[in-house]
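**Q** model this:
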Amino acid sequence: MFQFINDVDLDSSADGLIRKSISIVRGNSSGGILKLRTREPVRFSDKATDDSRNVNSKTTPSSKSSILPPNLSTIVQLSSKPTQPFRQPIKLTAKPTEPRTVLTPHNEPKVSPKESITLKRTGQMWKMNITAQREYLQRIHENDPEPGLKSAQDFISYAQEALNNGQDPDITASADVPSSRRESFWATPAEYISAIEQAKVGNTVKYRIAGEDTSLPYGYPEESIFILTASYRDPEAASTIARAYARAAHPERIFFGIHAQNEGGDLEPERDPIGGMKHIGVPCPSHPVCKRLDHIRVSRAHWSKSEGPTVARALAERLYQNETYVLGIDSHCHFLRGWDNVVIDMFKRIGNDLAIITSYPPSYEAELQLGYGAEKYDVNPTPRYQKAICRTRRMNIHTTVTFKHDMNQMPRPLHGPVRVAFFAAGFSFSRGHRILRVPYDYHTPYIFDGEETSMGVRAWTWGYDLYHPDRDVISHLYIPSHSKLRPVFWDSPNWNIQWPTQFGSLMRLQKQLRIYSKLQGSVKSGPHIEDQLDLDEFEKHDVGPRRNVDRYWQWAGIDLQNNWGQSCTKPGNPSVTGREYCYSANLCSKYSSGGMPYVPWAPGTEDMFPPMIRNSKYPPRFS
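**A** Residues are numbered from 1 along each chain as shown. You can find the predicted model right below:
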C-alpha cells in the first residue's frame, strides 16, 4: 500500500523518527538489555534480520508496528485495503505547515532582523549564546516561502496516469520513441526472473539492468536499503534518485530519505527531488522509479534556512523507517548497474554487523549530469587504484582547529574490504541501526569540515569499524570552489554573521571528542565561548563506552595541537614548523598491507550493545 511521505514538517521540538524507532527492537532469547544514550532499555534479537524492513512483509502501515512519529503521521497517506501495490493513486498533501522554528532560545535576543547590519559591525553575535544565535539567524528568513509542491504533484500525476493506462501519455508517435523510453529497455526477461527467484547464497545471477545484461552476486532481495542524503539547490538531486532505482538489481527494496533545500514557491522545479524528474525526462511507466514514488520521503526547506550538511542529514535521518541498511551519499551520484547486490555482498563478506564501508567515491564528469540511469556510462567497480582517505590535516576555524580529510589514492584491496581510520560522508554503507546508535548531530549548525571526523570518531567509540571498499558502486560529481554547477551553503549572504555559530558548533564537537581542552580557542570580541555552548542532547550525540576516544587519536596517528598552516610544528621537535606538519600520519601503506589493527572493546561493553551477527570472525576476542 502507498505510504507517500512528502514535504514532511520536521519540527525540531519533536524527537523525530530517530528516538521513536527504538520501539522496533524486540526481545532476544538471551534477555540482554541494550542501553542507548537516552538510557531507554530496549532489546535486540540475535537474528540478523530482526531490525530489518522486509520488503515483502504483509504488515500494513496502520498496524502497531508503525514507527511514524506524531509529526509525520498527519501527512502520510495510508490505505488499509490490501490492494496491489503501485496501482493505487498517489496522493501528495499540500497542507500548509507552521513556519519552522529551529530552536527556542534560553535567552531570546531582543534583536530585530533589520538590525543585522549593526550585528555585523559590532560583533553582537558573540554576546548571544549559541542557541540564541541560531534562533536569530533563522528569524532573519522566517518569511521566506517554503519550496512549493506543484512540480512534484505534476510528475506524480504524470506517473500515475502512465501507470493506470500502461503507456506514456507524453508519447504520441510510437515510431519516434527512443529505446530508453520503451518498456523492453527496463524489463527483465522471464527466464532471468525465474533464475533470480531460485538463486541462493553463493550463486552468481544474471540480471538485465538499464538495457544491459549484468552478472551479479546473490543480493539478499528480502533486505532493504535506506538511502540517506540532503540536497542544497542541487540540479542533480532528481537524477541521483532516478539512477539509484534504474541501476538497482532490486529497485523494490530501495527507499530514500532526502532533506531538500531549494528556492521558495515553484521557482526551482528542476531542483526538486521529485519534480525534477519531469525536467530530466524520466519515462513512465517504464522507468523503475515511476511505480516507487511512495518510497521517496522528502522534507523541504527554503535554502536561506540551511544550516549545513550535519543538520540536513540529521533531518533526513528522521525519515528512516527501519530499513535493513543505510547508504549515506551526496545528492550528485551515478550508480553501478546492480549496485545494491554488490554493496550488500561486500558487507556480508566482512562478517561484522558493526561494519561501516566508507570512502570517497570516484568522480564523473559534468557532461554526465541530468540523466536518469539509461546512459551507457557505468561506474568501474574494480579499478586498479581507488580514492582513499589515508590522512587528515589540521585547519583553522577562527581561533581553533578542525580536521579536513585528505583525498589520496591507493591500490584497490584484492582480498576484501580493509579496516581504515577515517569516515567519508560521501559514501558510507552500514546496518540501519547506525542511525539509531550514532545519529548525525542536529545541534551542530554550519559545520562542514569536522562533520566526517565527528561521525567517524563517535561511531568508532561505539564499536563500529570503518572499512575501505574493494568495489566501487557509485561515482560522485566533484566541483571546484565557486563553481556555477551548484551553489554551496557557505555562499550565503549572511555568512559573515553565521560563522560565529559555526565556531560554537565546532566547540561542541571538540567537547564531544574530548579535545576541547587541547584545542580550545579564545574569543576576542566576546565572553568565553564555553559559557555559550549549546549542550542540548549532548549525551545522545556523545562518544561511546566501547573504545576510549583518546585511543583513537593515537591509533589514527593524529597529533592534537592548536596550530595550523605555516605554524604547524613537527612532532617531537616544535622548533621546526611548516604546512607539511599539519598532516596526520599517512596510513596508505597500512591499508595496503591488510588494514588497520583491530582495537578491542572495553571489557563488559558487549552485552550493553550486542552485535546481531555472531560468527567465527566477529566479534574478535578481547585482548
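
**Q** biggest helix in this structure, by residue count?
**A** For the chain, the longest helix by residue count, based on DSSP state H, is helix 495-512.

**Q** give me the neighbour count for N164.
**A** Residues lying near N164 (other CB atoms under 10 Å) number 12. To be clear about C-beta, it is placed using only N, CA and C from the backbone, and glycine gets the same treatment.

**Q** backbone phi and psi for it, please?
**A** Here is the backbone geometry of N164 (degrees, to the nearest 10): phi -70, psi -40.

**Q** tell me the SS of the closest residue to P417 other than its chain neighbours?
**A** Excluding the flanking residues, the one nearest P417 by CB to CB, 6 or more residues apart in numbering is Y467, at 4.0 Å. At Y467 the chain is in strand, as set by DSSP: H, G, I helix; E, B strand; the rest coil.

**Q** for Y467, what are its contacts?
**A** 350, 352, 355-358, 417-420, 595 (CB atoms under 8 Å, 6 or more residues apart in numbering).

**Q** which members of those are classed as buried?
**A** 350, 352, 355-358, 417-420, 595 (16 or more other CB atoms under 10 Å).

**Q** on that earlier part again, in the longest helix of the chain, which residues are buried?
**A** Those would be 497-498, 500-512, for helix 495-512 by 16+ other CB under 10 Å.

**Q** quick check, nearest of these to L336?
**A** Nearest to L336 out of the buried residues of helix 495-512 is L509 (CB to CB; 33.4 Å).

**Q** which residue packs closest to the closest one, ignoring adjacent ones?
**A** Going by CB to CB, 6+ apart, L509 has S454 as its nearest residue, at 5.0 Å.

**Q** my guess is the one you found contacts Q512. True?
**A** Yes - using CB atoms under 8 Å, S454 is in contact with Q512, at 6.9 Å.

**Q** any shared contact partners between these two?
**A** Common contacts of S454 and Q512, defined by CB under 8 Å, 6+ apart, comprise D441.

**Q** so what touches the helix or strand containing S184?
**A** Assessed by DSSP states H and E, S184 sits inside helix 183-186. When contacts are defined by CB under 8 Å, 6+ apart, helix 183-186 is touched by residues 179, 210-211, 246, 285-288, 374.

**Q** can you tell me what sits against the helix or strand just after that helix?
**A** The C-terminal neighbour of helix 183-186 among helices and strands, as given by DSSP H and E, is helix 190-198. Helix 190-198 is contacted from outside by 188, 205-208, 221, using CB under 8 Å, 6+ apart.

**Q** make TSV out of the buried ones among the contacts of Y467 and add distance to F155 and pLDDT.
**A** Below are the buried ones among the contacts of Y467 laid out as TSV (distance: CB to CB, whole Å; pLDDT from 0 to 100):
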residue	distance to F155	pLDDT
I350	38	95
N352	40	93
A355	37	96
I356	34	98
I357	32	98
T358	32	97
P417	38	96
V418	42	96
R419	43	97
V420	40	97
G595	44	95
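
**Q** quick check, nearest of those to W126?
**A** T358 (36.1 Å).

**Q** now G148, nearest residue through space, not along the chain?
**A** For G148, ignoring the flanking residues on the chain, the nearest one in space by CB to CB, 6+ apart is D266 at 4.1 Å.

**Q** list the contacts of the one you found.
**A** D266 is in contact with 148, 150-151, counting by CB under 8 Å, 6+ apart.

**Q** okay then, goodbye and thanks.
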